[in-house]
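*Asks:* Sequence first, predicted coordinates after that:
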Amino acid sequence: MHWFPIALSCSVFTAGCDALSKRLVRDNDEWVTGTLLLGLSLLLLIPVFFVVERQPFSVDLLIVLSVGLPLEVYAYYLFLQAIRMAPLSLTIPLLAFTPVFTILTAALIVGEGISLLGGVGILMVTAGAYLLNGDLINLNFSAPIRAIFSNLGSRKMLVVAFLWSITSSLGKKGVLLYGALPFAILLLFLITGVFAVVSLIRLRRG
């Protein structure tokens, strides 16, 4: 059970980061906000990259990065758009659909399945997302689902959940090829670089 406090801590810090992202994206566009947040994380992690053990860079790793990087950039951009458009309480819980989509993407990309108990857990989390608009259930059973799709921010977050289900499976391949921390830091460096370049171009254009 050593993973439980780590996972719980990750949830707490992620919630704080989401709130900070929401605050920053009010006054800046998505590219600048992404550059600031990712850049701060990168500054803290770059020293770690040079002290952790990592495996040799390979062609397979290059393929994983080539496929995963555009998806990660687009997903994070949509994520910031979604939290700008809609309340965090309606958008962030929709990321609970990521493990649902991952059932398919993990099977296709890394050949992994889930246990019956894991499937039940995913179903319960997804049911919680349905209950976000549970007050509409008195209209009809499908009203909470239609409410999700009627909000542009919510629709964007569902796309993010799907994209992250793909990149999480690709990320596992990257971790196996390069190591957990080295791959995470390398990917973060590349994503930050893309956001920074786009931000500079946009700022120069006014």
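*Replies:* Happy to help now that I have it. Because the structure is a prediction, the values reported are computed rather than measured.

*Asks:* Please make it C-alpha for all contacts and neighbour counts, starting now.
*Replies:* Fine.

*Asks:* which stretches of this protein form strands?
*Replies:* Using DSSP state E, the chain contains no strands.

*Asks:* Surely L65 and L188 touch.
*Replies:* No: using C-alpha atoms under 8 Å, L65 and L188 do not qualify as a contacting pair, with a distance of 10.9 Å.

*Asks:* List the buried residues for stretch 159-174?
*Replies:* 159-174 (16 or more other C-alpha atoms under 10 Å).

*Asks:* Which of these fall within helices?
*Replies:* 159-174 (DSSP state H).

*Asks:* pLDDT-wise, which helix or strand of this protein ranks last?
*Replies:* helix 143-150 (a mean of 66; mean pLDDT, DSSP states H and E).

*Asks:* show me the contacts for the most centrally placed residue in the chain.
*Replies:* Note on the chain: the residue nearest the mean C-alpha position is W164, at 5.1 Å, using C-alpha atoms, centre = their mean. By C-alpha atoms under 8 Å, 6 or more residues apart in numbering, the residues touching W164 are E72, A75, T98.

*Asks:* change it to 7 Å
*Replies:* Contact analysis of W164 by C-alpha atoms under 7 Å, 6 or more residues apart in numbering lists T98.

*Asks:* How about F189?
*Replies:* Neighbours of F189 in contact, by C-alpha under 7 Å, 6+ apart: L42.

*Asks:* How many neighbouring residues does L158 have?
*Replies:* Residue neighbour count, defined by other C-alpha atoms under 10 Å, stands at 25 for L158.

*Asks:* What score does the nearest residue to it once chain neighbours are set aside have for pLDDT?
*Replies:* Nearest residue to L158, sequence neighbours excluded (C-alpha to C-alpha, 6 or more residues apart in numbering): L94, at 6.3 Å. For L94, the pLDDT comes out at 80.

*Asks:* how far away is L94 from I83?
*Replies:* 11 Å (C-alpha to C-alpha, to the nearest Å).

*Asks:* Understood, closing this out.
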